[in-house]
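**Q** Here you go, sequence then predicted model.
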Amino acid sequence: MQHVGSIPPVPADSHLKMIQKPQPAETKAPRLGKALKRAFFARSVHEVAPDLIGATLLLDGVGGIIVEVEAYHHTDPAAHSFRGPTPRNLVMFGPPGFSYVYRSYGIHWCVNFVCEKEGSASAVLIRALQPTHGIPAMRRRRGLHDERTLCSGPGKLCEALGITIKHSELPLDAPPISLHARIGDAEIVTGIRIGITKAVDFPWRYGLKGSRFLSKAF
DNA sequence: CTCTTGATCTTCT
DNA sequence: GAAGATCAAGAGC
């Protein structure tokens, strides 16, 4: 706990709230930082990726704080764009600031943010969120799950937010998507990426140090 | 806790 | 026909 504010006056009709269990501070919806514009993504994917840690991703107001991402680039053998444009990955070759959603293992959806500039075909895979907004809606979509594992993986967070192929190629700074900058500093950790078989040694996985909402410990 | 496996679709060989 | 930027459940320790 880094800050404790003054205690607000208690409204006369708030007696029901008084008997609720106190929530851990990290599960309360924190205030949102300034909205990220498309230009935020017009930089190296390795600058954008760590800057996304601590930012908040919402789809129709439901989502949470990004705690884990991975960076991919067309020169990277592990990237979907490595072998050139295809119908699936075409949006990666377009301008930055758009979503790229793909089907994973025939079952799951995963979402990326396109970065850099037209033709560079780089993107950040969003791998885990700390749920903060619309937690009941996310629980309904995911079934019975504890908060820690609600969005602790790229397929899980898409299911929780209701992301499907319909949400591919959408601008990241317009409804139904919104992104909000991190407030203050974050301690970023890096490591090798998860679940790939090519270019396995590049340390292009970025995470929020100590978070309990990661897909896997660093 | 770790390890294995099935589910199921798109892309590429 | 095989592989893949995954997940959940079940077996074993």
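**A** That came through, no problem. Numbers count the residues shown, from 1 in each chain, chains lettered A, B, ... in the order given.

**Q** helix or strand right after the helix or strand hosting A:Arg139?
**A** With the criterion set as DSSP states H and E, the secondary-structure element containing A:Arg139 is helix A:135-142. From helix A:135-142 onward toward the C-terminus, using DSSP H and E, the following helix or strand is helix A:147-150.

**Q** pLDDT (mean, whole number) over that next one?
**A** Average pLDDT, helix A:147-150: 95.

**Q** who does it touch, helix- and strand-wise?
**A** Other elements packing on helix A:147-150 under the criterion 3 or more Cβ pairs under 8 Å, 6 or more residues apart in numbering; DSSP states H and E are helix A:135-142, helix A:154-161. To be clear about C-beta, it is placed using only N, CA and C from the backbone, and glycine gets the same treatment.

**Q** Repeat the analysis, applying 10 Å as the threshold.
**A** Helix A:147-150 makes packing contacts with strand A:122-133, helix A:135-142, helix A:154-161 when contacts are defined by 3 or more Cβ pairs under 10 Å, 6 or more residues apart in numbering; DSSP states H and E.

**Q** What residues of that helix count as buried?
**A** Buried residues in helix A:147-150, counted by 16 or more other Cβ atoms under 10 Å: A:147, A:150.

**Q** related to what we said a few turns ago, orientation of the helix holding A:Arg139 relative to strand A:122-133 in degrees?
**A** 120 degrees (axes from the mean of the first three to the mean of the last three Cα atoms, to 10 degrees).

**Q** which residues are in contact with helix A:135-142?
**A** For helix A:135-142, contacts defined as Cβ atoms under 10 Å, 6 or more residues apart in numbering pick out A:27, A:29, A:60-64, A:129, A:131, A:134, A:145-147, A:149-151, A:156-162.

**Q** Would you list the buried entries among these?
**A** For the contacts of helix A:135-142, burial is judged from neighbour counts taken by 16+ other Cβ under 10 Å, and it is met by A:62-64, A:129, A:131, A:134, A:145, A:147, A:150-151, A:156-162.

**Q** Cross-check those against DNA strand B and keep the overlap.
**A** The overlap between the buried ones among the contacts of helix A:135-142 and the neighbours of DNA strand B (Cβ under 7 Å from any atom of the strand) is empty.

**Q** For A:Thr197, give me its contacts.
**A** Taking Cβ under 10 Å, 6+ apart, we find A:Thr197 in contact with A:77-78.

**Q** follow-up on the earlier one: report whether the helix holding A:Arg139 contacts DNA strand C.
**A** Yes - in terms of Cβ under 7 Å from any atom of the strand, part of helix A:135-142 sits within range of DNA strand C, namely A:Arg142.

**Q** Many thanks, we can stop here.
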